[in-house]
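[1] only geometry, no sequence info:
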Ligand SMILES: O=P(O)(O)OC[C@H]1O[C@](O)(CO)[C@@H](O)[C@@H]1O
């Protein structure tokens, strides 16, 4: 299945992307517009036969069949025996969705209405803390129970008109200590967000928050809410059922912010804007299900990813939003993509014969330009870049700054494409008066190889709807890449070993057990830390 792609990669790996623009209207051929979004992949070296080979991979992997299986609630997460239906969380008012023959939508809608009612009560002051109206909300969660809502709350700042939201994730006591400083427990609502309600970091931080609140609030439980699929544990922990918002095991942690895990966002922006966020995602779901693959945004994004990673062997990709409010998007996508597609075996347990998903990283522009773009432009390894930028910002008075932002975004992809060759670099340095060996030496440092691939996503403005579209597009991109690789994108066994070892290390670090059986490095580190305490 991969031979064709690999022979095309051998043939085309080094060809000039710029020269591809000489034939026909490449921009028109290699960009897709849908519902306000414009995805341009013309600055990659994908063209006719590469695209055909990539689309053939979709056929060979039966992406269409697997897509149908996902939306139909089949148990495509087959190492855990679970359906994968985060799409149901944003299917509000939509068609029934069946799991094991039962329509899950009535329960999804019911929970959603409870969330709306609770969020409205908090925002309008009907739900109060011991000291009055809730001013602050702390979401305690980690991974998918943190990254999504934390990312969205920043992204939608212009829409925030509710209580201040804080996000605590790290088991490092510094995180919760710094967050609690300055907060008034009598007007703070604590949300414990954990699908399993057993995650050690979250439960430890929740306990710390409970102690902090108990110093000033008699009935601490009244100011706690839980977001979880483990209602037994939320009950044991003492959170009253009316403030427990549940979801089923067919919602994966890293895909969960569309439902109860998004409660902090709903509290911040209000139910109406949260609904718009879901509507954007639902619109992308529809596009993903209906558009032909050759014009399907998530499919194209996935194919670009497959070409760069499995085809050309580029091990990483940078996500570079030219939008300060998307500062946490790269971290969010890191979990979504790397926890989903960082797998070494296919569904049947056989080792992959191609690379698994790439390393995903990034920072917003223009900040990244002054940090790591040096390597992207002149380093020896190629880093495919995924730029994104809004046509307008939310600050009409600062439109000139937005124009500068856009200019920088476009300049970077242009620079990556064109580069600067030795003759140009030499002419520039000669014009500055250099000559001879020094001219040659200095010019060499100013050469940009160029021919470095990038894509650009242009969106009208970062509204809740648009953010929903973008995130859902990435979710489906991960699905398509995973389907082509033949892996299960919805389990995460790779996080388990470290968790198990950490539990065993705690008593050793405390001096209650010895280091027998530990490797020399770990034993040495334990000894040093124990001695330094
Ligand atoms: O919501 P929970 O159950 O606390 O899990 C948090 C995170 O931990 C993980 O299971 C990985 O450790 C993620 O997949 C998940 O998002």
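    Now that the structure is in, tell me what you want to look at. Predicted model, so just to flag it, every value in this text is computed and none were measured. Numbers count the residues shown, from 1 in each chain.
[2] Tell me who's in contact with the closest residue to the ligand within the stretch 351-500 of the chain.
    Nearest residue of the stretch 351-500 of the chain to the ligand: residue 495, at 3.9 Å (C-beta to the nearest ligand atom). Where C-beta positions appear, they are placed from N, C-alpha and C, glycine not excepted. Residues near residue 495 by C-beta atoms under 8 Å, 6 or more residues apart in numbering: residue 339.
[3] Likewise for residue 460?
    Applying C-beta under 8 Å, 6+ apart to residue 460 gives the contacts 36, 390-392, 466.
[4] Using ChimeraX, make a named selection holding only the buried ones among the residues you listed.
    In ChimeraX, a selection of the buried entries from those looks like this (16 or more other C-beta atoms under 10 Å):
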select :36,390,466
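[5] tell me the mean pLDDT for stretch 421-428?
    Averaging pLDDT along stretch 421-428 yields 98.
[6] Pull the distance from it to the chain's centre.
    Relative to the centre of its chain, stretch 421-428 is centred 40 Å away, using C-alpha atoms, centre = their mean, to the nearest Å.
[7] Check stretch 149-161 too.
    15 Å.
[8] pretty sure the residue of the stretch 351-500 of the chain closest to the ligand is in a helix, no?
    Yes: Residue 495: assigned to a helix according to DSSP: H, G, I helix; E, B strand; the rest coil.
[9] what's the spacing between it and residue 343?
    12 Å (C-beta to C-beta, to the nearest Å).
[10] do the same with residue 126
    Residue 126 is 47 Å from residue 343, by C-beta to C-beta.
[11] what do you get for residue 294?
    27 Å.
[12] Please say which of those two ends up with more neighbours.
    Ranked by neighbour count (other C-beta atoms under 10 Å), residue 294 and residue 343 place residue 343 first, with 22 against 14.
[13] Name the nearest residue to that one, ignoring sequence neighbours.
    residue 487 (4.3 Å; C-beta to C-beta, 6 or more residues apart in numbering).
[14] what's around that neighbour, how many residues?
    Neighbours of residue 487 (other C-beta under 10 Å): 21.
[15] wait, doesn't it sit right on residue 347?
    Yes: applying C-beta atoms under 8 Å as the test, residue 487 and residue 347 come out as touching, 6.7 Å apart.
[16] out of everything not next to it in sequence, what's closest to residue 95?
    residue 105 (7.9 Å).
[17] Which parts of the stretch 301-450 of the chain are strands?
    Taking DSSP state E, counting those that start in this stretch as the test, the strands found in the stretch 301-450 of the chain are 316-322, 359-361, 385-390.
[18] got the residues of the stretch 51-200 of the chain near the ligand?
    Neighbours of the ligand within the stretch 51-200 of the chain, by C-beta under 6 Å from any ligand atom: 142-145, 194-196, 199.
[19] quick one: which of the residues you listed is most hemmed in?
    Neighbour max across these (other C-beta under 10 Å) = residue 145, 31 neighbours.
[20] What separation is there between residue 266 and residue 321?
    Separation of residue 266 from residue 321 (C-beta to C-beta): 23 Å.
[21] Contacts only, for the spatially most central residue of the chain.
    In the chain, the centroid-proximal residue (C-alpha atoms, centre = their mean) is residue 333; its distance is 2.0 Å. Taking C-beta under 8 Å, 6+ apart, we find residue 333 in contact with 319, 360, 362, 474.
[22] and the gap between residue 419 and residue 413?
    Relative to residue 413, and taking C-beta to C-beta, residue 419 is found at 12 Å.
[23] Also residue 251?
    From residue 251 to residue 413 the distance is 36 Å (C-beta to C-beta).
[24] Now do the contacts for the residue nearest to residue 422 when sequence neighbours are not counted.
    Among residues not flanking residue 422 along the chain, residue 447 sits closest, at 5.3 Å (C-beta to C-beta, 6+ apart). Going by C-beta under 8 Å, 6+ apart, residue 447 touches 378, 419-422, 425.
[25] again, only using 10 Å
    378, 419-426 (C-beta atoms under 10 Å, 6 or more residues apart in numbering).
[26] Also residue 454?
    17, 40-44, 304, 317-318, 320, 376, 383-387, 412-417.
[27] Among the residues you listed, the buried ones, what's the PyMOL command?
    Buried members of those, defined by 16+ other C-beta under 10 Å, are picked up in PyMOL with:
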select buried, resi 17+40+41+42+43+44+304+317+318+320+376+383+384+385+386+387+412+413+415+416+417
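[28] Among the contacts of residue 454, which ones are in helices?
    Among those, the ones falling in helices (DSSP state H) are 17, 304, 376, 412-417.
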